[in-house]
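here's my sequence, what's the structure:
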Amino acid sequence: MTRIARLRSMQILVGIGILALWAGANALNLVESVLPPVIDVGRQFFAVLARPEFLVGFGATVYDAVRGLLIAALLAIPIGILIGMFPKLEVATRMLVDFGRSFPVIALLPVFVLLFGATQTMKVVAIGIACFFPILLQTIYGARNLDPTIVDTVRSFRIPPHLRFFKVLLPAAGPFIATGLRIATTVSILVAVGVEIVSVTPGIGREIALSRSYNETPTTYAYIIYAGLLGVVITLLWDLAEARLLHWHIRSKVE
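Next up is the predicted model:
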């Protein structure tokens, strides 16, 4: 059995073990008030697929998460490369970056609601701010670790700034940026669902909040599972994209 096959088998066994513990807790009535029967959740897991609001909510969550992530990337990558290339600028902005990456964006939700209302624009702004700092931080690391010989060569040949950015700086910092994007991708889904639950804006989070308010606990858990699966699928898609875009970096690590 290959290493990947063993890993997949272990993951399946862990999943089966969790379901067994869940069923056992239900059979013993240990957590009946907060954990519905597995059969009921499984039934609702497939039943919600027929609901129009499921597809609408699923699409809204993905669409807004992608929009916020793209906006964050378009801003954070050039700013991060600029900061990383100039040590004095990095020192000057270090406290701000550290504060931003540790600040919980959900705490700003009341301010966002006042500014934008409980709208999808508000949700995209929250996602963009939450995703901005992980990408920025990793981009700074990538630009800072650029080989000084490459920098001197670029300067000596007087390569134009736009070519220097796209042909030298961006590829060199690519693996670090990819790490930042991977982190931000997960953050985008978490923040999207969290904002939807709190503000009841369209998305999977709103369906979780509404089903909970109607005391439909199995349906609530079904939507929560779908939210988790969405994160898993997006992570797998990002792995495939990273393997194709940064194949040279992956090969060098293997060698």
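
where does the chain have low pLDDT?
1, 4, 30-33, 151, 246-255 (pLDDT under 70).

the longest helix in it is where?
Using DSSP state H, we find that the single longest helix of the chain is helix 52-85.

list the buried residues in the next helix or strand after that one.
Note on helix 52-85: by DSSP states H and E, the next helix or strand toward the C-terminus is helix 87-102. For helix 87-102, a neighbour-count test (16 or more other C-beta atoms under 10 Å) marks Glu90, Thr93, Val97, Gly100 as buried. All C-beta atoms are positioned from the backbone trio N, CA, C, and that covers glycine.

ok, and what's touching stretch 69-84?
89-90, 93, 97, 124, 127-133, 135-144, 146, 165, 169-170, 173, 177, 180-181, 184-185, 188 (C-beta atoms under 8 Å, 6 or more residues apart in numbering).

how about it: buried residues?
So for stretch 69-84, counting by 16+ other C-beta under 10 Å, buried means Leu69, Ile71, Ala72, Ala73, Ala76, Ile77, Ile79, Gly80, Ile81, Leu82, Ile83, Gly84.

how about the residue nearest in space to the middle of the chain: what's its closest non-neighbour residue?
In the chain, the residue lying closest to the centroid (C-alpha atoms, centre = their mean) is Thr186, at 1.8 Å. Distances taken as C-beta to C-beta, 6 or more residues apart in numbering place Gly231 nearest to Thr186, at 6.1 Å, with adjacent residues excluded.

do Gly68 as well
With C-beta to C-beta, 6+ apart, the residue lying closest to Gly68 is Ile127, at 2.7 Å.

hang on, the earlier thing: which elements pack onto the host helix or strand of the residue nearest to the centre of the chain?
When secondary structure is defined by DSSP H and E, Thr186 falls within helix 174-199. Applying 3 or more C-beta pairs under 8 Å, 6 or more residues apart in numbering; DSSP states H and E, one finds that helix 174-199 makes contact with helix 52-85, helix 109-116, helix 120-144, helix 204-213, helix 217-245.

about what we covered before: and the longest helix of the chain with helix 204-213, angle?
130 degrees (axes from the mean of the first three to the mean of the last three C-alpha atoms, to 10 degrees).

tell me the angle helix 52-85 makes with helix 174-199.
Using the same axes, to 10 degrees: helix 52-85 against helix 174-199 is 140 degrees.

tabulate the buried residues of helix 87-102 (a markdown table), appending distance to Glu216.
As requested, the buried residues of helix 87-102 are exported to a markdown table (distance: C-beta to C-beta, whole Å):
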| residue | distance to Glu216 |
| --- | --- |
| Glu90 | 51 |
| Thr93 | 47 |
| Val97 | 43 |
| Gly100 | 38 |
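
which of these sits closest to Ser213?
Ranked by distance to Ser213 (C-beta to C-beta), those are led by Gly100 at 33.6 Å.
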